[in-house]
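Visitor: A predicted structure for the sequence below; I have some questions about it.
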Amino acid sequence: MPVKINIDTDSIFRFFLLDGPGLKYKRLAKGIEESIRNGAIRQGAKLPPHRILADKLGVTAGTVSRAYGELERMGLVEARIGDGTFVRGRSGDSVREKGFRNFVDSPDICNDMSRNMHIPGNEAQLLSDTLQQLSGSPVLQELMLYTPDTGLPRHQEAGAMWLSHGEFQAQYQQILCVNGSQHGLLVVLMAMLRAGDTLVTEHLSYPGLISAAQLLGIKVLGLDMDDEGLLPESLKEVCTANRVVALYCTPTIQNPTTGVMSLMRREEIARVCREHNLIVIEDETHAVLMVRRPVPLCHLLPERGILIGGMSKAVSAGLRVGYVHAPTTMVGRIAAAVRNSCWMATPLVLEIASKWVEDGTAQTLLEHQTAEIKRRQSLATDLLQGISYRSHPYCPHFWIEVPAPWRAVEIEQGLRQRQHLVTTAEAFSVGRGTLPQAIRVSVSNSPGGDMALLDGFASLAALLRNGPEKALTIRAW
């Protein structure tokens, strides 16, 4: 039977504090974890306040705080400002645990600003032209056969061209062709980590990483962040206290906070990763939108850095083309994961992508994306005067702070009532630290055109300025 959390859990917790190996806060966290997993502490239950539990157990409040912090890193509990610490639900209670889909069937919602999508251009006509060119080509026979796990050499060469920028020049022998960036991330995790291993990432991170790690049984811990991204001292602290295998991060146009890590910060992160022998998995899915972006971490860590990039945000989401650049010593293991997941990436779409990279079509489509993102951003910023937000000139979304006393979920629900979708911070949360009251709002997915985009941001601005209840009684613009 679930216990009454504020009455008789002290006897359960005290049992785990008996003399034994490990730090006291670790033993306390382990006891609470086991009680949550076996159902002794129910989902949604409120844990005792730090000081009260400390007095009952005869420990310091700091011990309880560190134990609760450990549970937050594991995603088992969440701290709510002014409300306490609560056990997370295992099903639909948590946005993060529902998963994050790029295709959402919501016919009742007319304006979906919750997802970053490729903005359509003339790629369909370009695809038609390319398919006609291929229709009489002898290369079609080769594309109908099995190809190497890593992809055909010319497809690898195109991938190296696509990922290269500035001082970083990718080597085609280190390229693995994959069916999009998400497939690339999955095969890297399959190849380089095992169930039970620990991976660290930003406290707010890409939901696709969270769901893939959960699928593979990989434990994910969150790292503290600032405006640039993850903090080196937080990475060092977590690595010292845990056996960490890998770091996943997005140092350029971080999703969702839009931060871009300085070169100095990248060098600090690289030093910590070497010190703790971490594999570094770097995601450049959105970074490709940034003109003259900083060098990737894998340029600073060539022996342990894995770079994942693709074409979904710049060229076409439906093309499903991605590339992984890995150290030579890791290529074989990742190739085996590609083979075991799909035998090989689809040769036909890789051929199309390669032609577009070689003849400049891909670059032209990329430039169309960045120009359209900047144009749409300019429409939205005029409506956000006086509202606290972050973005980047080449970022397809805004990261917007929800002012007290309102909560992000109230703003999200208020917009939903007005037929607009946005995403709250919970979808990106890994569990370390207090969940920020913020929402991500995209400019790239508005089927209704500029009018729908303007209406969505005007409605959002009205909610943030007037509050959910009052704003719903008036037209925003």
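Guide: Cool, the structure landed.

Visitor: ok, P393 touching R376?
Guide: No: under the criterion of Cβ atoms under 8 Å, P393 makes no contact with R376, lying 11.7 Å away. Where C-beta positions appear, they are placed from N, C-alpha and C, glycine not excepted.

Visitor: quick one: which of those two has more around it?
Guide: Per other Cβ atoms under 10 Å, whichever of P393 and R376 has more neighbours is R376, with 20 against 12.

Visitor: can you pull out the helices in the stretch 201-350 of the chain?
Guide: Under the criterion DSSP state H, counting those that start in this stretch, helices of the stretch 201-350 of the chain are mapped to 207-216, 232-241, 263-275, 297-300, 328-342, 347-359.

Visitor: buried residues in the second one?
Guide: Read that as helix 232-241. Within helix 232-241, the residues scored as buried using 16 or more other Cβ atoms under 10 Å are P232, S234, L235, K236, V238, C239.

Visitor: next one: the first one
Guide: Applying a neighbour-count criterion of 16+ other Cβ under 10 Å, the buried positions in helix 207-216 are P207, G208, L209, I210, S211, A212, A213, L216.

Visitor: What is the nearest of these to H368?
Guide: Each of the buried residues of helix 207-216 was checked against H368 using Cβ to Cβ; the closest is G208, at 24.8 Å.

Visitor: so what's the nearest residue to I281 once chain neighbours are set aside up against?
Guide: In this structure, I281 finds its nearest non-sequential neighbour in Y248, 4.5 Å apart by Cβ to Cβ, 6 or more residues apart in numbering. With contact taken as Cβ atoms under 8 Å, 6 or more residues apart in numbering, Y248 is in contact with L185, L199, V200, T201, S205, Y206, L209, I281, E282, D283.

Visitor: hang on, the earlier thing: any chance of the buried residues of helix 207-216 in JSON lines, plus pLDDT and distance to S316?
Guide: JSON lines is the format used below for those (pLDDT from 0 to 100; distance: Cβ to Cβ, whole Å):
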{"residue": "P207", "pLDDT": "93", "distance to S316": "21"}
{"residue": "G208", "pLDDT": "93", "distance to S316": "18"}
{"residue": "L209", "pLDDT": "95", "distance to S316": "22"}
{"residue": "I210", "pLDDT": "93", "distance to S316": "25"}
{"residue": "S211", "pLDDT": "92", "distance to S316": "23"}
{"residue": "A212", "pLDDT": "94", "distance to S316": "22"}
{"residue": "A213", "pLDDT": "94", "distance to S316": "27"}
{"residue": "L216", "pLDDT": "92", "distance to S316": "28"}
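
Visitor: which two of the contacts of Y248 lie the greatest distance from each other?
Guide: Farthest-apart pair in those is L185 and V200; separation 15.2 Å (Cβ to Cβ).

Visitor: Got the confidence number for R42?
Guide: pLDDT recorded at R42 is 82.

Visitor: Repeat that for L230.
Guide: Looking at L230, its pLDDT is 95.

Visitor: shared neighbours of P393 and R376, anything?
Guide: Applying Cβ under 8 Å, 6+ apart, one finds that no residue jointly contacts P393 and R376.

Visitor: what's the closest of the helices of the stretch 201-350 of the chain to T60?
Guide: Closest approach to T60 among those (Cβ to Cβ): helix 232-241, 17.6 Å.

Visitor: Could you tell me the angle between that closest one and helix 263-275?
Guide: On the basis of axes from the mean of the first three to the mean of the last three Cα atoms, to 10 degrees, helix 232-241 is oriented at 10 degrees to helix 263-275.

Visitor: distance between helix 232-241 and the chain's centre?
Guide: Here helix 232-241 is found 20 Å from its chain centre; the criterion is Cα atoms, centre = their mean, to the nearest Å.

Visitor: Kindly report the domain assignment for this protein.
Guide: For the chain, automatic domain parsing gives the domain ranges 10-87, 101-117+364-471, 123-359.

Visitor: distance of the nearest residue to M261 once chain neighbours are set aside from A241?
Guide: Closest residue in space to M261, ignoring its immediate chain neighbours: P251 at 3.8 Å, by Cβ to Cβ, 6+ apart. To A241, P251 is 23 Å away according to Cβ to Cβ, to the nearest Å.

Visitor: can you map out the strands along the stretch 151-300 of the chain?
Guide: Remark: strands assigned in the stretch 151-300 of the chain by DSSP state E, counting those that start in this stretch are 175-178, 198-202, 219-223, 225-226, 229-230, 244-249, 279-283.

Visitor: Pick the most buried one from these.
Guide: strand 175-178 (a mean of 29; mean count of other Cβ atoms under 10 Å).

Visitor: surely N179 meets Y323?
Guide: No: N179 is beyond contact range of Y323, at 10.9 Å (criterion: Cβ under 8 Å).

Visitor: So which of these two has more stuff around it?
Guide: When neighbours are counted by other Cβ under 10 Å, N179 and Y323 differ, and Y323 comes out ahead with 31 against 22.

Visitor: Is that one bridged to anything, and to what?
Guide: C177, G309 (DSSP bridges).

Visitor: S164 is in contact with that one, correct?
Guide: No: using Cβ under 8 Å, Y323 makes no contact with S164, being 10.6 Å away.

Visitor: start to end distance for stretch 373-391?
Guide: Terminal residues of stretch 373-391 lie 11 Å apart, using Cα to Cα, to the nearest Å.

Visitor: likewise stretch 291-300?
Guide: Criterion Cα to Cα; first-to-last residue distance in stretch 291-300 is 20 Å.

Visitor: Other residues contacting that stretch?
Guide: Stretch 291-300 has contacts (Cβ under 8 Å, 6+ apart) with 165-168, 249, 251-252, 260-263, 266-267, 269-270, 273, 280, 282, 284, 287, 305-307, 325, 370, 394.

Visitor: how does it look with 7 Å?
Guide: Stretch 291-300 has contacts (Cβ atoms under 7 Å, 6 or more residues apart in numbering) with 165-168, 251-252, 263, 266-267, 269-270, 280, 282, 284, 287, 305-307, 325, 370, 394.

Visitor: Please spell out the PyMOL selection for the buried subset of these.
Guide: The buried residues among those can be selected in PyMOL (16+ other Cβ under 10 Å) with this line:
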select buried, resi 165+168+251+252+266+269+270+280+282+284+287+305+306+307+325+370+394
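
Visitor: Without its sequence neighbours, what residue ends up closest to Q133?
Guide: K355 (7.9 Å).

Visitor: What of A314?
Guide: The shortest distance from A314 to any non-neighbouring residue, by Cβ to Cβ, 6+ apart, is to L366 (4.3 Å).

Visitor: That neighbour contacts K313, correct?
Guide: No: assessed by Cβ atoms under 7 Å, L366 is found out of contact with K313, at 9.1 Å.

Visitor: ok, and what's touching stretch 442-462?
Guide: With Cβ under 7 Å, 6+ apart, stretch 442-462 has contacts from 110-117, 119, 373, 376-377, 379-380, 383-384, 387, 396-397, 415, 418, 420, 441, 471, 474, 476-477.
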